[in-house]
Structures are given as structure tokens and as C-alpha cells.
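Student: The amino acid sequence is not available; the structure is as follows:
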């Protein structure tokens with residue numbers, strides 16, 4: 001019997017109602033698995049194939065639904081490749097193999113799979129070009145390099161431009177690429193001639209906002225600012241070049257800019273030189289780029305964080321002029337930006353893990369207690385006291401259908417339906433191998449309203465149909481002929 005470790009969220013995706021993930025066993029290494037519904041509340045787990053024959057890992061990842069098939073990257077004995085599957089044992093197809101030098105700078109799996117106007121773009125590396133931008137229509141013959149942006153050879157290697165942050169906006173693909181000393185902004189229409197440099201600045205946080213591309217980049221004085229672009233030189237500029245109040249917002253210098261799109265508006269944290277780090281919003285125009293509210297007042301700045309969209313509004317954590325840290329909500333106006341937790345609820349200034357589940361959000365307060373909110377003051381309340389062994393013991397809050405799943409005390413899986421009575425322990429004491437982390441639930445992943453993201457290294461058999469808690473599977477072992485898992 002082969003035992004399994006946990007699903008890693010980076011190697012799992014929900015495609016057409018099936019969870020595709022990279023699961024591991026001792027016989028085959030990390031390979032491609034998926035789930036399928038065989039009866040109400042019953043999930044069957046199957047290994048589709050052993051791509052890298054034997055115990056070596058194929059590192060299957062980047063699962064993307066494209067033209068009715070699931071495309072992904074994986075490695076076999078011949079190297080990195082782009083693959084596709086229809087979810088059946090005989091439906092696996094090799095799309096394109098890449099000949100990157102083993103352990104060289106071009107030895108990377110295809111990644112950043114992004115669909116723009118019916119074309120699958122991705123980043124991959126080969127010996128001739130290094131790591132560059134590629135595209136595919138799903139067929140081997142039409143899976144080709146878009147452009148060799150950085151053709152220079154160093155020490156016998158083609159490093160390439162290492163594109164990243166692939167983002168669709170204005171019907172084009174925008175991305176960043178390595179330039180002389182910074183990450184430049186590029187755009188592509190899928191042709192070599194149409195793949196061109198947009199801005200030679202150190203660009204980050206590419207975000208599509210109501211049809212506009214917005215991003216963070218330094219100005220000519222090396223101050224980080226919010227920018228907007230339509231892909232042209234004239235249409236690429238700081239959104240606040242000539243702010244009516246005369247104070248353009250600057251972004252945090254460390255690159256960790258709180259930044260989220262809510263209902264076609266970019267909400268971010270910035271400092272105008274007067275109010276300190278406060279909450280701002282922008283629709284991509286100068287007039288529409290304004291501070292939402294000076295929460296910190298004259299005594300301090302509020303340093304908003306945990307920016308999260310809920311029911312068309314923004315939830316965030318901020319510190320007010322009395323140095324009290326609370327959960328806030330905002331509708332984008334000063335009057336509509338209000339605290340949701342009272343002074344008696346702050347406990348400690350470390351509200352964290354704001355997680356939306358349908359029309360409500362959950363969070364953990366400074367004492368490690370679980371709370372929920374529907375975005376109103378009356379609807380924000382302490383939910384349940386989960387027995388914990390240490391501060392920070394509640395973590396990995398994850399939406400699964402209309403329920404919240406989370407991990408407590410390293411090895412306990414809990415769920416909540418939003419009521420105190422419905423916040424219950426599902427499973428505990430998973431570890432049986434003596435290793436500290438063998439049984440720890442990690443990286444939950446949702447599928448069809450069912451929690452399907454916990455695989456534990458344990459000697460227990462699978463529970464494939466725990467209908468009361470809707471846990472698709474907690475643990476399982478390999479038995480019988482491939483590809484069945486039961």
C-alpha cells in the first residue's frame with residue numbers, strides 16, 4: 001500500500017467540475033491525479049498516468065481549461081513539456097516538449113498559462129532561446145515561440161527574458177520581462193511583430209480594472225506610483241501626474257503594495273506625503289484617483305491591510321487615530337468607510353486571514369478567536385472559541401461551497417457553517433508515522449462545494465463519502481490496478 005502526502009495548492013485546480021492535482025505515492029512519485037463524481041457526495045480519485053515512469057516526480061502543475069481539455073505542465077524522462085488531457089486514462093496528449101539544459105537557467109516547466117482571445121499563452125524555456133513567451137492553439141504544430149525578447153547568450157546559456165505576470169486587458173496580453181536592471185512592461189497580440197515594449201520601468205502588480213491595465217512602477221524620481229496603460233506610449237502614464245490637490249500618492253517602497261480590484265475600481269494603499277499610508281481608490285483617471293478616508297487622522301497613519309472584496313464592498317484591517325486596530329468596510333466613500341469591530345473587540349492588533357465564503361467573511365482576531373461578518377456592524381460577531389494550543393493555531397481558512405474549512409493545532413481539520421453550533425471538529429490526530437508534519441492538514445482545495453484538498457500521510461483507509469461533512473476524501477491508499485484509487 002502506498003501512502004500519500006498532502007495536496008499542494010500550487011499544484012491543484014478545479015477544471016470542469018473535476019479536481020486535477022499532483023499527488024504523490026512511494027511507487028510513482030508526484031503524478032497527475034483527478035477526482036470524478038461517481039454518485040451523490042461520492043468522489044472517486046484516479047491517477048491518470050505515470051508521466052515520469054517510476055518513483056520520480058513529474059511535478060504536474062498549471063492545470064488550465066482550454067478548448068474543452070485540461071492543459072498542464074509536467075516533466076518526464078526527456079524533460080519539461082506541455083501536456084493536455086480529457087480526464088480519461090487514454091486521453092493524455094503531449095503538446096510540446098522543451099529541451100532546456102538539465103539544471104540550467106532554461107530548465108523550467110511551462111508556467112503562467114493564460115488565455116487571451118482564444119490563444120493559450122505561457123512561459124517556457126529551451127536551449128536556443130532560454131525562458132521566453134510561447135503560445136498554442138492546443139496542437140503541437142501550432143505551439144510556437146512568440147518572440148525571443150532577450151537573445152543574448154551568456155556562458156553558453158540562453159537565459160531569455162523570463163516573462164511573468166501574464167495579464168489580459170484591452171484584448172491584449174500584458175506581461176513583465178527582464179530588462180536591464182528592471183522588470184519591463186510588454187504587450188503582445190500573439191505575433192512577433194505585435195510583441196513590443198510598453199514601458200521600460202520596474203513594473204509589478206499588473207491588474208485588469210474595468211478594461212484598463214493598471215500597475216505599480218517608479219516615476220522619474222524613483223518613487224513608486226500607480227500607472228495605467230492601454231498598450232500605447234501615449235496611453236501609458238501615472239494616473240495622478242497632475243493631481244488636483246497637488247499631492248500624488250506614492251506606494252510602499254518594499255514592493256508589498258496592498259492592491260485589489262473591487263467592482264471596476266482599483267483600491268490600494270498609498271502615501272500622499274501628508275496623511276501617511278491610507279486607503280486610496282482609482283478608476284484609472286486622474287480625477288478618479290482619490291484618498292478614500294484619512295482613518296489615522298493627524299496622529300498616525302492607518303496602514304490598511306488584508307484588502308478583501310465582499311458583496312461589492314471592501315473589507316480591510318486598519319489602525320485608527322486612537323491606535324486601535326479593527327476590521328473595516330468601505331463602499332469607496334469616506335462616509336461609507338466604517339469600522340466593523342468595536343473597541344472591545346480589538347484584543348490585539350493582529351486581525352488576519354480575512355476569507356470570504358459566499359456573502360460572508362471570516363477572520364481571526366488578535367487572540368486567535370474565529371469571527372465572521374456579512375459586511376455590517378450588526379452582522380460582525382465572534383463566532384466560536386476553538387480550543388487551541390498556541391497563538392496562531394487557527395490557519396488555512398478556505399471556502400468550500402457555503403462552508404468554511406480551517407486547520408487548528410497542526411493536526412485538526414474543522415469546518416463551520418457560520419453558526420457556533422455548526423463550527424465543529426471534522427478529523428484529528430492524522431499523523432501516524434512519527435514525523436511532526438506527516439499528518440498536518442495543509443492547503444485545502446474546493447471542488448463542487450466539497451472539501452477535496454486534504455491528503456494525509458497516515459495508515460488509515462480513505463473516507464470517500466462522508467456526506468454529513470461533505471469531505472470528499474481525507475486519506476486513501478493505492479490498491480488494485482492503475483488508474484483506480486479506492
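Tutor: Yep, that arrived. Note that the structure is a prediction, hence the values are computed from the model and not measured.

Student: Show me the shaky parts of the stretch 101-250 of the chain.
Tutor: Within the stretch 101-250 of the chain, the stretches with pLDDT under 70 are 101-107, 241-247.

Student: Show me the strands in it, by range?
Tutor: Ranges of strands within the stretch 101-250 of the chain are 111-116, 119-126, 130-136, 144-147, 153-154, 157-158, 164-169, 172-178, 183-188, 196-199, 204-209, 212-218, 224-229, 237-238, based on DSSP state E, counting those that start in this stretch.

Student: Surely residue 265 is in contact with residue 330?
Tutor: No - Residue 265 is not in contact with residue 330 according to Cβ atoms under 8 Å; the separation is 10.4 Å. Backbone N, C-alpha and C define where each C-beta goes, glycine included.

Student: More neighbours: which of these two?
Tutor: A direct count of neighbours by other Cβ atoms under 10 Å for residue 265 and residue 330 places residue 330 higher, at 24 against 17.

Student: OK, contacts around the residue nearest to that one when sequence neighbours are not counted?
Tutor: Leaving aside its sequence neighbours, residue 330 sits nearest to residue 337 (Cβ to Cβ, 6 or more residues apart in numbering; 4.0 Å). For residue 337, the contact set (Cβ atoms under 8 Å, 6 or more residues apart in numbering) comprises 279, 292, 293, 295, 328, 329, 330, 331.

Student: one more time with 7 Å
Tutor: Taking Cβ atoms under 7 Å, 6 or more residues apart in numbering, we find residue 337 in contact with 292, 293, 328, 330.

Student: cool, and residue 173?
Tutor: Going by Cβ under 7 Å, 6+ apart, residue 173 touches 114, 116, 121, 166, 187, 188.

Student: Taking the residues you listed together, which two end up most distant?
Tutor: The span of the contacts of residue 173, defined through Cβ to Cβ, is set by 114 and 187 at 13.0 Å.

Student: These two: which has the busier surroundings?
Tutor: Per other Cβ under 10 Å, whichever of residue 114 and residue 187 has more neighbours is residue 187, with 23 against 19.

Student: beta partners for the more buried one?
Tutor: When assigned by DSSP bridges, residue 187 has beta-bridge partners residue 174, residue 196.

Student: still on that earlier bit, identify whichever of the strands of the stretch 101-250 of the chain lies nearest to residue 386.
Tutor: Checking the strands of the stretch 101-250 of the chain against residue 386 by Cβ to Cβ gives strand 204-209 as the closest, at 34.5 Å.

Student: I'd guessed residue 315 sits against residue 354; true?
Tutor: Yes - taking Cβ atoms under 7 Å as the definition, residue 315 is a contact partner of residue 354 at 5.6 Å.

Student: from memory residue 174 sits against residue 207, does it?
Tutor: No - with contact defined as Cβ under 7 Å, residue 174 and residue 207 do not form a contacting pair (10.0 Å).

Student: Settle it for me: which of these two has more neighbours?
Tutor: A count of neighbours by other Cβ under 10 Å puts residue 174 above the other of residue 174 and residue 207, at 25 against 19.

Student: what's near enough to touch the more buried one?
Tutor: With contact set as Cβ under 7 Å, 6+ apart, residue 174 has these partners: 167, 185, 187, 206, 213.

Student: Can you lay out those as JSON lines showing distance to residue 234?
Tutor: Below are those laid out as JSON lines (distance: Cβ to Cβ, whole Å):
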{"residue": "167", "distance to residue 234": "20"}
{"residue": "185", "distance to residue 234": "15"}
{"residue": "187", "distance to residue 234": "14"}
{"residue": "206", "distance to residue 234": "19"}
{"residue": "213", "distance to residue 234": "14"}
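
Student: Go through the residues you listed and say which is closest to residue 415.
Tutor: residue 167 (34.4 Å).

Student: so how many other residues sit close to the closest one?
Tutor: By other Cβ under 10 Å, 20 other residues sit near residue 167.

Student: Not counting sequence-adjacent ones, nearest residue to residue 395?
Tutor: Spatially, and ignoring its direct neighbours in sequence, residue 395 is nearest to residue 407 (5.6 Å; Cβ to Cβ, 6+ apart).

Student: Surely the one you found and residue 398 touch.
Tutor: No - contact criterion Cβ under 7 Å: residue 407 and residue 398 do not qualify, at 8.9 Å.

Student: Which one of the contacts of residue 337 is nearest to residue 161?
Tutor: For the contacts of residue 337, the nearest to residue 161 is residue 292 (37.0 Å; Cβ to Cβ).

Student: correct me, but that closest one touches residue 282?
Tutor: No - applying Cβ under 7 Å, one finds residue 292 not in contact with residue 282, separated by 10.4 Å.

Student: tell me which residues form a beta bridge with the closest residue to residue 223 other than its chain neighbours?
Tutor: Nearest residue to residue 223 in three dimensions, chain neighbours excluded: residue 250, at 4.9 Å (Cβ to Cβ, 6+ apart). Per DSSP bridges, the residues bridged to residue 250 are residue 271.

Student: what's the spacing between residue 250 and residue 217?
Tutor: Note on residue 250: its distance to residue 217, by Cβ to Cβ, to the nearest Å, is 12 Å.

Student: in the stretch 251-400 of the chain, which ranges drop under the pLDDT threshold?
Tutor: Applying pLDDT under 70 to the stretch 251-400 of the chain flags the ranges 254-256, 299, 342-349, 390-392, 400.

Student: quick one: stretch 276-292 to chain centroid distance?
Tutor: When distances are taken as Cα atoms, centre = their mean, to the nearest Å, stretch 276-292 is centred 25 Å away from the chain's centroid.

Student: now do stretch 151-170
Tutor: 22 Å.

Student: How about stretch 178-195?
Tutor: Centre to centre, stretch against its chain (Cα atoms, centre = their mean), the figure for stretch 178-195 is 23 Å.

Student: Mind listing residues that contact it?
Tutor: The contact list for stretch 178-195 (Cβ under 7 Å, 6+ apart) reads 119, 133, 135, 146-147, 150, 161-162, 172-177, 196-204, 215, 229, 231.

Student: List the beta-bridge partners for residue 314.
Tutor: Beta bridges link residue 314 to residue 309, residue 330 when assigned by DSSP bridges.

Student: Is it in contact with residue 330, as I believe?
Tutor: Yes - at 4.5 Å, residue 314 counts as touching residue 330 under the criterion of Cβ under 7 Å.

Student: shared neighbours of these two, anything?
Tutor: Here residue 314 and residue 330 have no joint contacts, going by Cβ under 7 Å, 6+ apart.

Student: For stretch 200-212, report the contacting residues that lie outside it.
Tutor: 165, 167-170, 174, 176, 179, 182-185, 213-218, 228, 255, 257, 259, 261, 264-266, 283-284.

Student: Which among these count as buried?
Tutor: Among the contacts of stretch 200-212, those classed as buried by 16 or more other Cβ atoms under 10 Å are 165, 167-170, 174, 176, 179, 182-185, 213-218, 228, 257, 259, 261, 265-266, 283-284.

Student: give the contact list for residue 148.
Tutor: By Cβ under 7 Å, 6+ apart, the contact set of residue 148 is 129, 132.

Student: Turn the contacts of residue 173 into a markdown table, including distance to residue 141.
Tutor: Below are those laid out as a markdown table (distance: Cβ to Cβ, whole Å):
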| residue | distance to residue 141 |
| --- | --- |
| 114 | 21 |
| 116 | 20 |
| 121 | 17 |
| 166 | 23 |
| 187 | 26 |
| 188 | 20 |
